[in-house]
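*Asks:* need a structure here:
(one chain, ligands or ions: 3)
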Amino acid sequence: MYNDNPTLVGLTKIIDESKQGEALTGVEPLEANGKSFYIESYGCQMNFSDSEIVASILAEEGFSATRNMEEANLILINTCSIREKAEDTVRRRLRIFDKLKEQKPEMLVGVLGCMAERLKAKFLDEEKLVDIVVGPDAYRDLPKLISGAEDGQKGVNVLLSREETYADISPLRLDSNGVSGFISIMRGCDNMCSFCVVPFTRGRERSRNPFTIVAEAQDLFDRGYREVTLLGQNVDSFKWTNPETEAVTIFAQLLEMVAQVDPLLRVRFSTSHPKDITDDVLYTMAKYKNICKYIHLPVQSGNSRILELMNRTYDREWYKNKVDRIYEIIPDCAISSDVITGFCTETEEEHQDTLSMIEYTQYSMSYMFFYSERPGTLAARKYEDDVPLEVKKRRLNEVIRLQNQISHNLNAKDVGKVFEVLIEGDSKKSDQDFKGRNSQNKQLVFPKKKGLKPGDYCKVKVKTSTSATLIGEIVEG
Ligand code: SAH
Ligand code: SF4
Ligand code: F3S
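*Replies:* Ligands and ions are numbered 1, 2, ... in the order given. As a prediction, this is how the structure comes out:
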């Protein structure tokens, strides 16, 4: 779910490393103030979700959205700090905004998101043309900061909150396909994985009132959406205590509540931390047909010593048992992963353990990275980043090659099978074809059939496959 590169895609895409989020459209302000904003989003799906909250806050203020940054009065960039490369991309974009601002000095530039949180006021010294810096928990303060900046006062609000969940703000679904929507169910993270900057940029973990989550899912369904993805850095530790009754809602219960909105509403969730996903969650998945049989279960490394240094709190055996349990309870489940190569002190043998874990689990896909040291993290303070860059990259290539081979083989095994597919829209290559996904989150492409439209379900028989796509035809509409 991450994205460091400067190609542009719509907001609702599940993000991979080669893609990049960008301009929101479709925002009609309640009462226009004559000003427009342009927003670009980088990083994980949660950041994209936050941009929809920001768009909603700005629309309330009378701003309209534009895809054209040249005509915007306000340019916002919602940033990611997860790897050095993500931050480099943002700095490059800021250079471009600087050039625009030289021609149009009244235009305001704001930095939002994780990088704003990491660099705080330092941003205003480093990037002289930035007017406002706003952290992920301070978006309600945007109107005040913008009007201050219009009066020439640069503004910063990077306060992290223990309570903010933006539960009452209805996100503006922008650049959406009208079929799949994302719902943030929690914010922050309390797991101190030693490599990770998220606990520093997003603050403490807090869960959102489940009734507002269900209401949002219902609202999406009523507007024609047929799939929701519940988002959090660690969804399985969702825990909400009703302030009046003290009753506690945990993730398995939330999942069931959302699944009950309508059998035609597919439910997905991301991300699951292997230490927290419970049998209850797996049984709930098995019980409801509309809960998709797909779990993103990042392993990071297949070696117990490295996992310990990473502070992931599980070891190789524990992870393998979790995988066994998933396939036992949900035999048709697909599992995907995140993998980091070349973490501090990783030996060749330990890297082999990661390869054998990929082989063991048979991931349908993985997001794969080489380790990038992040200032301030536990690993940066405690361990030496001592694996040479070329070794990290070579190991990454080995991981990618193996994963591609496995995805290819798994997809080849799907040839001849019939899947229920939710139609999402035209395929990228041809407007004669639809694209959609099956429960296991695999992408299918197939010729259109009269009478069917995005948001409809159909049965597709797979004819051929590549490592990324299943190609088939509708057997039942
Ligand atoms: N909450 C999710 C992950 C969020 S960050 C989880 O715990 O699984 C997304 C992914 O980026 C991580 O899973 C990890 O694989 C990768 N990542 C995080 N920090 C990184 C770093 N310093 N270098 C390389 N990859 C990193
Ligand atoms: Fe980062 Fe770990 Fe939290 Fe995921 S669980 S966001 S990797 S600290
Ligand atoms: Fe990046 Fe922040 Fe998400 S660091 S991955 S945008 S939580």
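*Asks:* so is stretch 348-364 next to ligand 1?
*Replies:* No. Figure legend: stretch 348-364 not in contact with ligand 1 (C-beta under 6 Å from any ligand atom); closest approach 11.5 Å. For every residue, glycine as well, the C-beta is placed using N, CA and C.
*Asks:* please point out which parts of that stretch sit buried.
*Replies:* The neighbour-count check on stretch 348-364 (16 or more other C-beta atoms under 10 Å) flags 350-351, 353-355, 357-358, 360-361, 363-364 as buried.
*Asks:* okay if I get these as CSV plus distance to residue 99 and pLDDT?
*Replies:* Shown next, in CSV, are those (distance: C-beta to C-beta, whole Å; pLDDT from 0 to 100):
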residue, distance to residue 99, pLDDT
350, 46, 98
351, 43, 98
353, 48, 98
354, 43, 98
355, 45, 98
357, 46, 98
358, 44, 98
360, 50, 98
361, 47, 98
363, 42, 98
364, 42, 97
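*Asks:* ok, so of those, who is nearest ligand 3?
*Replies:* The shortest approach to ligand 3 among those belongs to residue 363, at 19.6 Å (C-beta to the nearest ligand atom).
*Asks:* what's near enough to touch that closest one?
*Replies:* Shown in contact with residue 363 (C-beta atoms under 8 Å, 6 or more residues apart in numbering): 335-337, 403, 406-407.
*Asks:* tell me which two of the buried residues of stretch 348-364 sit farthest apart.
*Replies:* Farthest pair in the buried residues of stretch 348-364 (C-beta to C-beta) is 350 and 364. Separation: 24.4 Å.
*Asks:* SS state for the residue in the chain positioned nearest to ligand 3?
*Replies:* Taking C-beta to the nearest ligand atom as the measure, the chain has residue 43 as its residue closest to ligand 3, at 2.7 Å. Per DSSP: H, G, I helix; E, B strand; the rest coil, the secondary structure class of residue 43 is coil.
*Asks:* quick check: the gap between the closest residue to it other than its chain neighbours and residue 117.
*Replies:* Leaving aside its chain neighbours, residue 43 sits nearest to residue 80 (2.8 Å; criterion: C-beta to C-beta, 6 or more residues apart in numbering). Separation of residue 80 from residue 117 (C-beta to C-beta, to the nearest Å) stands at 11 Å.
*Asks:* quick one on the thing from earlier: quick check, nearest of the contacts of residue 363 to residue 308?
*Replies:* residue 337 (18.5 Å).
*Asks:* kindly state the beta-bridge partners for that closest one.
*Replies:* residue 366 (DSSP bridges).
*Asks:* so it sits against residue 362, correct?
*Replies:* No. At 10.4 Å, residue 337 does not count as touching residue 362 under the criterion of C-beta atoms under 8 Å.
*Asks:* average pLDDT across the helix ranked longest in the chain?
*Replies:* When the chain is parsed with DSSP state H, its longest helix is helix 389-413. Per-residue pLDDT over helix 389-413 has a mean of 98.
*Asks:* now do stretch 277-288
*Replies:* Here the average pLDDT along stretch 277-288 is 98.
*Asks:* pull the CA atoms of that stretch into PDB?
*Replies:* Coordinates of each C-alpha in stretch 277-288 appear next as PDB, following Å, rounded to 0.1, in the frame of the first residue of the first chain:
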ATOM      1  CA  ILE A 277      -4.700 -11.500  14.000                       C
ATOM      2  CA  THR A 278      -6.800 -13.900  16.000                       C
ATOM      3  CA  ASP A 279      -8.700 -17.100  15.300                       C
ATOM      4  CA  ASP A 280     -11.900 -15.100  15.900                       C
ATOM      5  CA  VAL A 281     -11.000 -12.800  13.000                       C
ATOM      6  CA  LEU A 282     -10.300 -15.900  10.800                       C
ATOM      7  CA  TYR A 283     -13.600 -17.600  11.800                       C
ATOM      8  CA  THR A 284     -15.500 -14.300  11.100                       C
ATOM      9  CA  MET A 285     -13.900 -14.200   7.700                       C
ATOM     10  CA  ALA A 286     -14.900 -17.800   7.000                       C
ATOM     11  CA  LYS A 287     -18.500 -17.200   8.200                       C
ATOM     12  CA  TYR A 288     -19.300 -14.300   5.900                       C
END
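*Asks:* was I right about residue 344 contacting residue 380?
*Replies:* No. Counting by C-beta under 8 Å, residue 344 does not reach residue 380; the two are 9.3 Å apart.
*Asks:* please parse the chain into its domains.
*Replies:* 2-157, 418-475 (automatic domain parsing).
*Asks:* format these as CSV; extra columns: mean neighbour count.
*Replies:* Listed next are those as CSV, based on neighbours: other C-beta atoms under 10 Å:
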stretch, mean neighbour count
domain 2-157, 19
domain 418-475, 18
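*Asks:* go through these and name the closest to ligand 1.
*Replies:* Nearest of the domains of the chain (C-beta to the nearest ligand atom): domain 2-157, 4.9 Å.
*Asks:* what about residue 289, which SS state?
*Replies:* Quick answer, by three-state DSSP: residue 289 is coil.
*Asks:* ligand 3 contacts on this structure?
*Replies:* 2, 43-44, 46-47, 80-82, 113-114, 197-198, 201-202.
*Asks:* what segments of the stretch 101-250 of the chain are strands?
*Replies:* In the stretch 101-250 of the chain, the segments counted as strands under DSSP state E, counting those that start in this stretch are 108-113, 132-134, 155-157, 180-184, 186-187, 206-207, 227-231, 239-241, 248-250.
*Asks:* could you dump those to a markdown table with distance to residue 125?
*Replies:* A markdown table is the format used below for these (distance: least, C-beta to C-beta, whole Å):
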| stretch | distance to residue 125 |
| --- | --- |
| strand 108-113 | 13 |
| strand 132-134 | 11 |
| strand 155-157 | 11 |
| strand 180-184 | 32 |
| strand 186-187 | 28 |
| strand 206-207 | 31 |
| strand 227-231 | 33 |
| strand 239-241 | 40 |
| strand 248-250 | 44 |
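*Asks:* okay, and the helix or strand of the protein with the least pLDDT?
*Replies:* Within the chain, no helix or strand scores below helix 122-126, which has a mean of 87 by mean pLDDT, DSSP states H and E.
*Asks:* and that one, what does it pack onto?
*Replies:* helix 114-119 (3 or more C-beta pairs under 8 Å, 6 or more residues apart in numbering; DSSP states H and E).
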